[in-house]
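A.B. asks: Structure for the following, please:
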Amino acid sequence: MLFHRSIRLELARVLSATLVVLLTIVLTMMLIRTLGLAARGSVGLQDVALVLVYTALSHVPTLIGLALFVAVVVGMGRMYRDSEMAVWFSSGVSLFQFLRPVYRMAWPVMLVGCGLALFGWPWFNQELAEIRQRFAQRSDLDRIAPGSFQQSADGQRVYFVDRAEGQDENGHSVFLLQRDAQAWSVTTARTGKLSLGAEDGAQSVELRAGHRHERDLADGSSTHVEFGRFTTVVNPSGPGRSPQASPKTRQAWQLLEDATPAAWGELVWRTGMVLSILLMPVLALALSATNPRRSSNWNLILALLSFVVYFNLINLSQAWVAAGRLAPAAGLLLIHGGVLVGSLALLAWRENAVSWTLRWTRSGTGPAATCTGRAGKAST
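C.D. replies: Have a look, this model is predicted:
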C-alpha cells in the first residue's frame, strides 16, 4: 500500500540518521569520560576499550527511545509543513492509522532496545564492575607507574618513580610517603628496585642513596636518616571481599527473588525503559503536529521537553520505589499509564479537530469554500 510504504521509508531514513548522530555523540562523550577515569587511576589503560564499549552499550536503550521519538517528530513534522498530512487527511486517512506503519517500521529497533534494557543492562554493568574490581585489587607493586603518583590499596602509602629502565624493575628519583595512626614518613632515593621475596613471596622496595624523614605523631619527635641502602616491605593487596552485588548487575529473576525495595526500584526502571520504548511512537505522533504557516519549530522544542520530563519521571519513580515511598505497580501505572492515556487523548483531540475542519470546509462554510464562492460570482 502506498500510504504504509511512504510512511515507513520516510521514518526509516530519519531514524537511521538520528541513530548515527546520537551514537557518535555518546561515543565521543564516553571516550572522554573513560580516558579521564584512566588518567585518575580508576581503570587500567588496557581496559579503556572494554569500558567504552560496555558503557556505550548500556546507554543504547535510552538512545533507541530518543531516536524513535525524534524520528517520528521530525518525519511527521516535515509532512505537516509540506502539507502531505493534509493530503492524507483529505483522502480519508485517520491520524490513528499512522500508528500501524510507524510500529511496522520501528519494531526491530524496539525489540533490540527492549532486550538490552531487560537482559543486556545487568550484564554490561556486571562486566564494568568486575573490571573496576580487578583493577582496584592490584598489588601495590603493580600500581607503581613511572611518572605518576600512585596510592596503595589501603591508602597508607603513596609512590612516585620518575622513570624505569630495562627489565629489572629499576627506577630513578623514587619518592615514598608512608602514614598511619602513629607516624608518617617521607623517603626519597636516587634509585629503587622492586623485588619479590623468594621464600614468603613478600613484596618489597629496595632503595639506594637516599634520605628518610620520620615524625612520631604521639610525641611530635622527628628523625632524619641518610642511607645507602634501605628496604621496606610492601604488603600485597589481598584478594579482598567481593563487593555486594548492586541491583544494576543482577538479572530480573534475581531481583524478583530478592524483593527488596532497591530490587523493586531497579525492576521498575527496567520495565519503565521497555514501556517507554513501546510508547515513544504514540507520544511522538501526538506531539508532531505543526502549523505549516509558522516558520518556527516550537513544537520540536516542546516535544523534546516532554521527552526529558518523561525520562526524568522514570528515574524518579525508581528512586521513590527504592525508598519505599511508592508501590512498584503504582509507579508504573501512574507514569506510563498517564503517558499512554494522555497521548491517546491528544491524538483523539487532533483527530476530531481534523475531522471538524474537513467537514466545515466541505459544507461550504469554511474560508476556502467562501473564497471559492466569491470567485465564482465575480467571474459570472
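A.B. asks: Buried residues in the helix or strand harbouring residue 115, which are they?
C.D. replies: Using DSSP states H and E, residue 115 falls within helix 99-115. The neighbour-count check on helix 99-115 (16 or more other C-beta atoms under 10 Å) flags 101-102, 105-106, 109-110, 113-114 as buried. Yep, even glycine has a C-beta here, placed from its N, CA and C like the rest.
A.B. asks: same for it, what does it pack against?
C.D. replies: Judged by 3 or more C-beta pairs under 8 Å, 6 or more residues apart in numbering; DSSP states H and E, helix 99-115 is in contact with helix 2-40, helix 60-81, helix 261-287.
A.B. asks: closest one to residue 173 among the ones you listed?
C.D. replies: Smallest distance to residue 173 across the helices and strands packed on helix 99-115 (C-beta to C-beta): 21.4 Å, for helix 2-40.
A.B. asks: before we move on, back to that, pLDDT averaged over the helix holding residue 115, what's the number?
C.D. replies: Mean pLDDT, computed over helix 99-115, is 91.
A.B. asks: now swap in stretch 225-243 and tell me
C.D. replies: Averaged across stretch 225-243, pLDDT comes to 65.
A.B. asks: for stretch 255-264, same thing?
C.D. replies: For stretch 255-264, mean pLDDT is 87.
A.B. asks: got it, and stretch 313-333?
C.D. replies: Averaged across stretch 313-333, the pLDDT comes to 91.
A.B. asks: show me where the chain has helices.
C.D. replies: With DSSP state H as the criterion, the chain has helices at 2-40, 48-58, 60-81, 84-90, 99-115, 121-136, 140-143, 252-258, 261-287, 298-322, 328-332, 338-362, 367-379.
A.B. asks: So which bits of the third one are buried?
C.D. replies: Neighbour-count burial for helix 60-81, counted by 16+ other C-beta under 10 Å, picks out 60-77, 79-81.
A.B. asks: can you give me the angle it makes with helix 121-136?
C.D. replies: Here helix 60-81 runs at an angle of 130 degrees relative to helix 121-136 (axes from the mean of the first three to the mean of the last three C-alpha atoms, to 10 degrees).
A.B. asks: what residue ranges in the stretch 251-380 of the chain score low on pLDDT?
C.D. replies: 291-297, 353-380 (pLDDT under 70).
A.B. asks: Please give me every residue in contact with the residue most central in space within the chain.
C.D. replies: By C-alpha atoms, centre = their mean, the chain has its centre lying nearest to residue 59, at 4.0 Å. Residue 59 is in contact with 26, 30, counting by C-beta atoms under 8 Å, 6 or more residues apart in numbering.
A.B. asks: Look up phi and psi at it.
C.D. replies: Main-chain torsions, residue 59, degrees, to the nearest 10: phi -90, psi 0.
A.B. asks: can you tell me which of the helices of the chain comes nearest to residue 174?
C.D. replies: Counting by C-beta to C-beta, residue 174 lies closest to helix 140-143 out of the helices of the chain; the figure is 12.9 Å.
A.B. asks: which residues does the closest residue to residue 230 other than its chain neighbours contact?
C.D. replies: Once flanking residues are discounted, residue 230 sits nearest to residue 207: 4.6 Å by C-beta to C-beta, 6 or more residues apart in numbering. Contact analysis of residue 207 by C-beta under 8 Å, 6+ apart lists 174, 176, 187, 189, 191-192, 227, 229-232.
A.B. asks: Mind giving me the PyMOL select for those residues, buried ones only?
C.D. replies: Buried residues among the contacts of residue 207 (16+ other C-beta under 10 Å), as a PyMOL selection:
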select buried, resi 174+176+187+189+191+192+230
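A.B. asks: Now render the contacts of residue 207 as CSV, adding distance to residue 266.
C.D. replies: Converted to CSV, the contacts of residue 207 look like this (distance: C-beta to C-beta, whole Å):
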residue, distance to residue 266
174, 47
176, 43
187, 47
189, 50
191, 52
192, 47
227, 55
229, 56
230, 52
231, 50
232, 45
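A.B. asks: from the contacts of residue 207, which single one is nearest residue 281?
C.D. replies: Closest approach between the contacts of residue 207 and residue 281, by C-beta to C-beta: residue 176, at 61.6 Å.
A.B. asks: coming back round to it: could you export the helices of the chain as TSV, including distance to residue 182?
C.D. replies: Output for the helices of the chain, formatted as TSV (distance: least, C-beta to C-beta, whole Å):
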stretch	distance to residue 182
helix 2-40	30
helix 48-58	39
helix 60-81	51
helix 84-90	79
helix 99-115	56
helix 121-136	26
helix 140-143	20
helix 252-258	43
helix 261-287	40
helix 298-322	42
helix 328-332	51
helix 338-362	61
helix 367-379	91
